[in-house]
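>>> Generate coordinates for the sequence data below:
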Amino acid sequence: MNEARFRWRNRQLRVHASVLDGDAAPTKLIKNTTYLNVYLKQWMTGHIWIYEDRIIYTGKELPSNMENTEVIDGKDSYIVPGYIEPHAHPFQLYNPQTLAEYAAETGTTTLINDNLMWLFLTEKKKAFSLLEEFMHLPATMYWWARFDPQTVLREEDRESFDEQVLDWIEHDAVIQGGELTAWPDVLYERNEQILHWMQETKRSRKPLEAHLPGASERTLVKMRLLGMDSEHESMTAEDVITRLSIGYHTGLRYSSIRPDLPDILQGLEKMGHTQYDHMMFTTDGSTPGFYEEGIINMCIRIAIEAGVPEIDAYMMATYQAARHFGIESRVGSLNAGRAAHLNFLRDPKDPTPHSVIAKGEWVKKEGEVVPTGIEIPWEKNGIEKLSLDWELADKDMQFSMPIGLELVNDVIMKPYAIDTDASVERLSDENKEAFIMLMDRDGEWMVNTLLKGFTQSLGGLVSSFSNTGDILVIGKSRTDMKKAFQRMNEIGGGIVFVNEGEVLFELSLPLGGVMSDLPLQHLMKEERRMKQCLNEHGFSFSDPVYTLLFLSSMHLPYIRITPLGIMDVKKKEVLFPSIMR
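Numbering: from 1, shown residues only. Now for the predicted structure:
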């Protein structure tokens, strides 16, 4: 399954061409099937020849040499290209391997992935080694090059982040720059370094992705002038039309935080919009439970049910994304020369495949998953269990800030004036205030205040899953917080809940303290347990995984807890600095 990212060797190319002459036999032949030709926008009938990981031919002809060829009867199937997820965050408790394997099983065989966690969890050389290992997965894995860390970092950490950016831009597995969440720095603060990285990305003939939720037309135009090519933050049909009119390739999002796709498509229909050539679907790094029915196949189903013509819906999930990223010669169609990613459907109205071939190998056959047996050498490449050599002490838990953080929804916080006595051992269950700490993974600094709106009664929550990989400590009880911290460290990183001395829930995240090694289906069950436990203790929102991830993310309003301290997002001012331990 080790399909080359951008080219096959000369020797392989000669063999591929010789299959047409009959000097070599295809490894697989799908006979008498109906398949989608995205260039003609038509369903066609005929045969598909595959040699190892590449499509050799689609059409009416049969091969003259079929020695040892696996012949597949395609008469009862409709075959479409493997789907493309153009905007994956492969570390939302799951990891790139488990996401890729599950994605391929449900028909999404190409993912374009965020590289953010590699910039925090391991050194660049080992991260690049991991990218090579991921080539063995059934899905084709491409990557982004981040220009900003989504939060503010201490000086030494920021230097480490910045010095990696150019090498990521130049890497052949990286096919876009962005997503640029720090666009205000470029537009208003004239950050020339980021603009330089953007220019270098363009020089490498790779597109740039913007992150512009709620942006005005003027802002969208300015960012287009500075080089942005695509944008995925549309929340309404009007947002989509505005972006398309300016010239953005536009992602339509259906995610656990923003499931806007049905409303967007309904709005486009009301507006009489029938042109879908510059749109693509994304699930934008949804949390595990959101993927119970699959990934991009869900988006196609929603589009077809909303009245989008079937062929357009499939092309939005395949060819349109491939063309945007400049990888249409590799993926996104069933034409000769493409990587052999094929989805077998019972009916074009049902985009969930009964069988999947990825890189020329069966991933799912008649509903049965075919195990890959692939092992990723995580530890060899610096992704190990968390092992902290420091403890959470009583002296660390000083909460004297006048300003706290109040959750407005899953990911947005506003400041509020604290009038609670925070010197007590346990805060009252009569309100939704809790202690909160962000602590340096190496134990060097901390930020302490109160968080309102997260829990009514949970004694302690500790999470090594966060935007920066630092440690989050939340809870009503100092004693429970300490016990949760100890347990989190014992299991090598993860998320632990403790109440009145009892461990209520724990999820081990042995890959850097950020990612699970569980198959995605198992992780979905664990996430459900986590949500249920939090709900029982007063969490009233829907996506606690994103709440934990984004507590320190500076691309969201209004106030954040960051490695530098408590910060005003709009002014980018440190209101109360972090404290050295």
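
>>> Could you point out the longest helix of the protein?
Longest helix in the chain by number of residues (criterion: DSSP state H): helix 520-536.

>>> Identify each buried residue in it, please.
By 16 or more other C-beta atoms under 10 Å, the buried positions in helix 520-536 come out as L520, L523, M524, E526, E527, M530, K531, C533, L534. Placement of C-beta: from N, CA and C, glycine included.

>>> Against which helices or strands is that helix packed?
For helix 520-536, the packing partners by 3 or more C-beta pairs under 8 Å, 6 or more residues apart in numbering; DSSP states H and E come out as helix 96-105, strand 494-499, strand 502-508, helix 544-550.

>>> what's M271 sitting at in phi/psi?
With angles defined as degrees, to the nearest 10, M271 sits at phi -80, psi 0.

>>> per-residue confidence at it?
On pLDDT, M271 comes in at 96.

>>> burial of the nearest residue to it once chain neighbours are set aside, as a residue count?
Sequence neighbours aside, A237 is the residue nearest to M271 in space, at 5.9 Å (criterion: C-beta to C-beta, 6 or more residues apart in numbering). A count of nearby residues for A237, using other C-beta atoms under 10 Å, gives 20.

>>> how close does A237 sit to Y248?
Using C-beta to C-beta, to the nearest Å, A237 is found at 15 Å from Y248.

>>> For the residue nearest to the spatial centre of the chain, report the pLDDT, please.
Note on the chain: the residue nearest the mean C-alpha position is H89, at 1.5 Å, using C-alpha atoms, centre = their mean. For H89, the pLDDT comes out at 98.

>>> what's the pLDDT at the residue nearest to it when sequence neighbours are not counted?
Leaving aside its chain neighbours, H89 sits nearest to G285 (2.7 Å; criterion: C-beta to C-beta, 6+ apart). If you check G285, the pLDDT there is 97.

>>> close enough to count as contact, G285 and L93?
No: using C-beta atoms under 8 Å, G285 makes no contact with L93, being 10.6 Å away.

>>> ok, the two, which is more surrounded?
Per other C-beta under 10 Å, whichever of G285 and L93 has more neighbours is L93, with 27 against 22.

>>> Any idea how many residues pack against the nearest residue to that one once chain neighbours are set aside?
For L93, ignoring the flanking residues on the chain, the nearest one in space by C-beta to C-beta, 6+ apart is S516 at 5.4 Å. Look at S516: counted by other C-beta under 10 Å, it has 25 neighbours.

>>> phi, psi of S516?
Note on S516: its backbone torsions stand at phi -80, psi 160 [degrees, to the nearest 10].

>>> How much space separates it from K531?
S516 is 15 Å from K531, by C-beta to C-beta.

>>> for the stretch 301-450 of the chain, what spans make up the strands?
342-345, 355-358, 361-365, 368-369, 403-407, 413-417, 433-439, 445-452 (DSSP state E, counting those that start in this stretch).

>>> from the middle of its chain, how far away would the fifth one be?
By that I understand strand 403-407. 28 Å (C-alpha atoms, centre = their mean, to the nearest Å).
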